[in-house]
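Undergrad: starting from these lines, generate the structure:
(one chain, ligands or ions: 1)
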Amino acid sequence: MGDPSPNASFVSHLECSRTGARYSHDRFRFVSDAGAPLLVRYDLEALKGAITKEKLAGRAPDMWRYLEWLPLASRDDIVSLGEQITPLLPLPRLGAELGAGEILVKDEGRLPTGSFKSRGIAVAVSMAKAFGVKHIAMPTAGNAGAALAAYCARAGIESTVFCPDDAPEITIREIAYHGARTYRVNGLINHCGEIVAAGTEEMGWLDLSTLKEPYRIEGKKTMGLELAEQLGWALPDVIFYPTGGGTGLIGMWKAFEELGAMGWIGAKRPRMVAVQSTRCGPLVKAFDAGHDEVMEPWEPADTLIHGVRVPKPFGDRLCLKVMRDSGGFGSMVDDEEVIAARAEIARAEGVHLSIEGAACFVAFRQELKSGRVSKSERAVLFNCASGLKAELPPAGTRIDRHKPLDFTKSGP
Ligand SMILES: Cc1ncc(COP(=O)(O)O)c(C=O)c1O
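TA: Got it, this is the predicted structure:
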C-alpha cells in the first residue's frame, strides 16, 4: 500500500543512558559498562532526508510504517503478527460528568496477544532473529511473557518465561500455550529477573528483561510516533501511563525527542504522568521525595494492578527524568477504586479497560480534582491491555427453561 517503508537502518550507535558512552550496534548488546540501559541513537539528519509526513501518510496502517525510526536493518527481518494502529477512543459521557476536557483512551488491547507488549517484543525478537539468537528468556508480570512466547513461536526461537505465581492465570496459560517453557515463581518480578540472570549464564539464553537490552524500548517508541501522527503532529497536554518497568514512558518520550529534533513537532510536550498504586508506588514516592532513583524496593508490593507491580524498576532514573523533564508527576491510585471504576467505564462508555487502563482513569479523575490537570486540557490515558485479560466477576441469572419465566427479574 502506498510508499513502502525502506530497506535500511538509520541507527548510528548505542549510547549509555547514564554516561553517554558510545557502543557499536554491530552485535546484540545488553547494558552499558556502567550497568545502565543502552539507548539506540539514529542519524536523525539522514532519517529526516529519507521520509516526509506525506510519504508516511500513504503507508499501511501498522507499526512498521515507522521503520525508519526502528533498528531493523531490513524489512526481511520483521517478525510480525499484525501490529495494527490502535484507536483513540473518547470518553464523552464520563468527561462531561467530571467537567473535564477531552479524554482519549489509547486502546492498546487491540494488538497481538492483547497488549502493548507486542510492540517492544516484536522489535526485540526481530532483532534477535537477525542476530541468529536461538533461545530467549524473560521475567514477566504476564503480558510481556505472552507476547514473547507468541513472537518466538512466530520466529522459530525457543523461549523460557518466569512469572510470579499470582500473575493473571490467563496470561500464564497463554505463555505456555504458545510453547514457552513456563515457570511460576513464589516471588515478585524482580525475583524472576534474578532467576533469568542466573539461567542466562548457565544456559546461554538471551535475556530480554525490561531495559536490559536496547530494542524493546524502540518498539514501545512507536506508541509516541503513532500518537503524534494520529493527533496531526500536535501532542496532547498530558499523558497518563500505568508504569511498572517504565518502557512506555521512556519510549514515548524518546519518540517526542526524535520528532522534535527532526522538526516534525513543535516545542510543546505532554506532561508525562506515571500512574502507580498505593500498594506499589516506588516511582511516585521517589519523585515526590526529589530523588533521582528509587532508593529501596517497595514492600510489600501487593497491588492487584499487576502491570505496575515492580518494586524497583531497572529504568528508575530514566523514568524519573522523563517525569521531571516533561513537567509531569506521579499519581498513586487505590486498587479498590480502580476495580470499581473499570466496571463503571464499561457500563457508561462500552469501553472495557484492563485494570491498568482503569488505573489511569482513576489517576486522571483524582488529578482533575487536585488541580494538577485542568478542565480545558486534552488527556490521553493508556489502556495497555485488553479488558479480557483480567478476571471478571461471576454474572448471569440461572433459569430453568422448563418453568414459567418472570422477565421482570433480571440478573446482577
Ligand atoms: C497491562 C499493562 N499495563 C502496564 C504495564 C507496565 O508497563 P511498563 O513496563 O512499560 O511500565 C504492563 C507491564 O507488565 C502491563 O502488562
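Undergrad: can we go C-alpha only for contacts and neighbour counts from here?
TA: OK.
Undergrad: which parts of stretch 18-33 are buried?
TA: R22, Y23, H25, F28, R29, F30, V31, S32 (16 or more other CA atoms under 10 Å).
Undergrad: quick one: distance of stretch 242-258 to the chain centre.
TA: 8 Å (CA atoms, centre = their mean, to the nearest Å).
Undergrad: would you mind writing the CA trace of that stretch as CSV?
TA: Taking C-alpha atoms only, stretch 242-258 is exported to CSV below (Å, rounded to 0.1, in the frame of the first residue of the first chain):
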residue,chain,number,x,y,z
PRO,A,242,0.4,2.8,34.0
THR,A,243,4.1,2.5,34.9
GLY,A,244,5.8,-0.7,36.0
GLY,A,245,9.2,-1.0,34.3
GLY,A,246,8.5,2.3,32.5
THR,A,247,9.4,1.3,28.9
GLY,A,248,6.4,3.1,27.5
LEU,A,249,7.1,6.3,29.4
ILE,A,250,10.7,6.3,28.3
GLY,A,251,9.9,5.1,24.8
MET,A,252,7.3,7.7,24.1
TRP,A,253,9.5,10.5,25.4
LYS,A,254,12.2,9.3,23.1
ALA,A,255,9.8,9.4,20.2
PHE,A,256,8.9,13.0,21.0
GLU,A,257,12.6,14.0,21.3
GLU,A,258,13.4,12.4,18.0
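Undergrad: return the set of buried residues in that stretch.
TA: 242-258.
Undergrad: on that earlier part again, make a markdown table out of the buried residues of stretch 18-33 and add pLDDT and secondary structure.
TA: Written out in a markdown table, the entries for the buried residues of stretch 18-33 read as follows (pLDDT from 0 to 100; DSSP: H, G, I helix; E, B strand; the rest coil):
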| residue | pLDDT | secondary structure |
| --- | --- | --- |
| R22 | 98 | strand |
| Y23 | 98 | strand |
| H25 | 95 | coil |
| F28 | 95 | coil |
| R29 | 95 | coil |
| F30 | 95 | coil |
| V31 | 97 | strand |
| S32 | 98 | coil |
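Undergrad: which of the residues you listed sit farthest apart?
TA: R22 and F28 (14.3 Å; CA to CA).
Undergrad: distance check, the residue nearest the centre of the chain against the ligand.
TA: The residue lying closest to the centre of the chain (CA atoms, centre = their mean) is G248, at 4.4 Å. Between G248 and the ligand the computed distance is 4 Å (CA to the nearest ligand atom, to the nearest Å).
Undergrad: equivalent analysis for E344, please.
TA: From E344 to the ligand the distance is 19 Å (CA to the nearest ligand atom).
Undergrad: any idea which element that residue lies in?
TA: helix 335-349 (DSSP states H and E).
Undergrad: just G199 next, same as before
TA: Per DSSP H and E: G199 is located in helix 189-203.
Undergrad: strand partners of the helix or strand that that helix is followed by, parallel vs antiparallel please.
TA: Toward the C-terminal end, the helix or strand that comes next after helix 189-203 (DSSP H and E) is strand 206-207. Counting by DSSP bridges, the strands paired with strand 206-207 are strand 135-139 (parallel).
Undergrad: hmm, the partner strand touching the ligand?
TA: No: Strand 135-139 is not in contact with the ligand by CA under 6 Å from any ligand atom; minimum separation 10.0 Å.
Undergrad: so for that strand, what gets flagged as buried?
TA: Those would be H135, I136, A137, M138, P139, for strand 135-139 by 16+ other CA under 10 Å.
Undergrad: tell me the spacing between G142 and T52.
TA: Going from G142 to T52 by CA to CA, to the nearest Å gives 38 Å.
Undergrad: likewise for Q366?
TA: Taking CA to CA, one finds Q366 at 40 Å from T52.
Undergrad: cool, and R181?
TA: Going from R181 to T52 by CA to CA gives 44 Å.
Undergrad: next to the ligand, which bits of this structure? Give me the list.
TA: 141, 143, 242-248, 307-308, 356, 384-385.
Undergrad: repeat that with 8 Å
TA: With CA under 8 Å from any ligand atom as the criterion, the chain meets the ligand at residues 115-117, 140-144, 210, 220, 241-249, 306-309, 354-357, 383-386.
Undergrad: report how many residues lie close to F407.
TA: The tally of other residues near F407 (other CA atoms under 10 Å) stands at 6.
Undergrad: what sits against it?
TA: Contact analysis of F407 by CA atoms under 8 Å, 6 or more residues apart in numbering lists nothing.
Undergrad: just use 10 as the starting number from now, easier for me
TA: Right, with 10 as the first residue, what we last looked at is F416.
Undergrad: shouldn't it be within a strand?
TA: No: counting by DSSP: H, G, I helix; E, B strand; the rest coil, F416 falls outside a strand, being coil.
Undergrad: so what pLDDT did it get?
TA: As predicted, F416 sits at a pLDDT of 83.
Undergrad: could you pull out the helices for the stretch 310-421 of the chain?
TA: All helices of the stretch 310-421 of the chain, identified by DSSP state H, counting those that start in this stretch, fall at 325-334, 344-358, 364-379.
Undergrad: quick one: the last one to helix 344-358, angle?
TA: In this case it means helix 364-379. Orientation check (axes from the mean of the first three to the mean of the last three CA atoms, to 10 degrees): helix 364-379 against helix 344-358 gives 90 degrees.
Undergrad: returning to what we had before: mean confidence score for the helix holding G208?
TA: Mean predicted lDDT for helix 198-212 stands at 95.
Undergrad: who are the packing partners of it?
TA: strand 144-148, strand 167-173, strand 215-216 (3 or more CA pairs under 8 Å, 6 or more residues apart in numbering; DSSP states H and E).
Undergrad: what residues does the second one touch?
TA: The set of residues external to strand 167-173 that reach it, using CA under 8 Å, 6+ apart, is 143-151, 154, 157-158, 161, 181, 184, 188-198, 201-202, 204-205.
Undergrad: now, of those residues, which are buried?
TA: 143-151, 154, 157-158, 161, 181, 184, 188-189, 191-192, 194, 197-198, 201-202, 204-205.
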